[in-house]
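In: quick one: sequence plus predicted model below, questions after.
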Amino acid sequence: MKTLIVLLLFVVATTVGQAQELTHLEEVKVEKAPAKRKYVKINDRVVFKVDRAHVLEFTKNPIGFMNDHFDIQRLIATFGNSRINEYEVTLSSQKGFMIANFDKKGNLLKTYQNFKDMLLPLNIRREIYNSHKGWTMTKNNYKAITKGEMLTKEQYRITMQNGNRKQTVKINGNAAGAVVASN
């Protein structure tokens, strides 16, 4: 019996000792994967589909997202035509879209943004909460217009519900002349 216990202890010690080997691995770099490039070209218009993994980033800052994930110069070089004076690029996702207009040199002229059911900015959430206690937001819509990267018009349309009563609240953003993205 003693021999069996000693033999079992020896086998367990040997097994555990072998399991403690160190394996050195090389360093791994984790980088943000770029958005999948899904272009569709129709005359001077290009539609760029934003995949699901990047929708939140796109709705938070559409122009910044476009600057990070879309290269207008490469597009002009690929599809360029000396007769085209202006390019229209539509970035779209299941939450909404942005239409951006560029001149033939690649300068951003204007954008139109339209998003639904997005996370509202904190100051607007607080304003809605304080002015509509007991109400629930059922849906919202955000529209914005920029000239270049300067925000010229911004509007939130929020549908509120309290029991059987519904109310639509419109809030004009106070961001006239604000820069929405910069490099």
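Out: Everything's here; your move. Residues are numbered from 1 along each chain as shown.
In: which elements pack onto the longest helix seen in the chain?
Out: Identified as the longest helix of the chain according to DSSP state H is helix 2-19. Using 3 or more CB pairs under 8 Å, 6 or more residues apart in numbering; DSSP states H and E as the contact test, no helix or strand touches helix 2-19. Any C-beta I mention is one placed from the backbone N, CA and C, and that applies to glycine too.
In: other residues contacting that helix?
Out: By CB atoms under 8 Å, 6 or more residues apart in numbering, no surrounding residue is in contact with helix 2-19.
In: so how far is it from its chain's centroid?
Out: When distances are taken as CA atoms, centre = their mean, to the nearest Å, helix 2-19 is centred 57 Å away from the chain's centroid.
In: what does stretch 114-134 give?
Out: Centroid displacement of stretch 114-134 relative to its chain, using CA atoms, centre = their mean, is 19 Å.
In: next one: stretch 132-148
Out: Taking CA atoms, centre = their mean, one finds stretch 132-148 lying 17 Å from the centre of the chain it belongs to.
In: contact partners of it?
Out: By CB under 8 Å, 6+ apart, the residues outside stretch 132-148 that reach it are 63, 96, 107-118, 120, 128, 151-162, 166-167, 169, 173, 180.
In: ok, back up a step: rounded mean pLDDT for the longest helix of the chain, please.
Out: When pLDDT is averaged over helix 2-19, the result is 76.
In: CA-only coordinates of that helix in PDB, if you can.
Out: Below are the C-alpha coordinates for helix 2-19, written out as PDB (Å, rounded to 0.1, in the frame of the first residue of the first chain):
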ATOM      1  CA  LYS A   2       2.800   2.400   0.900                       C
ATOM      2  CA  THR A   3       4.500   1.600  -2.400                       C
ATOM      3  CA  LEU A   4       1.300   2.400  -4.300                       C
ATOM      4  CA  ILE A   5       0.900   5.800  -2.600                       C
ATOM      5  CA  VAL A   6       4.600   6.700  -3.200                       C
ATOM      6  CA  LEU A   7       4.300   5.700  -6.800                       C
ATOM      7  CA  LEU A   8       1.100   7.700  -7.300                       C
ATOM      8  CA  LEU A   9       2.800  10.800  -5.600                       C
ATOM      9  CA  PHE A  10       5.700  10.400  -8.000                       C
ATOM     10  CA  VAL A  11       3.500  10.200 -11.000                       C
ATOM     11  CA  VAL A  12       1.500  13.200  -9.900                       C
ATOM     12  CA  ALA A  13       4.600  15.200  -9.200                       C
ATOM     13  CA  THR A  14       6.100  14.300 -12.500                       C
ATOM     14  CA  THR A  15       3.000  15.200 -14.400                       C
ATOM     15  CA  VAL A  16       2.600  18.600 -12.600                       C
ATOM     16  CA  GLY A  17       6.200  19.300 -13.100                       C
ATOM     17  CA  GLN A  18       6.000  18.700 -16.900                       C
ATOM     18  CA  ALA A  19       2.900  21.000 -17.100                       C
END
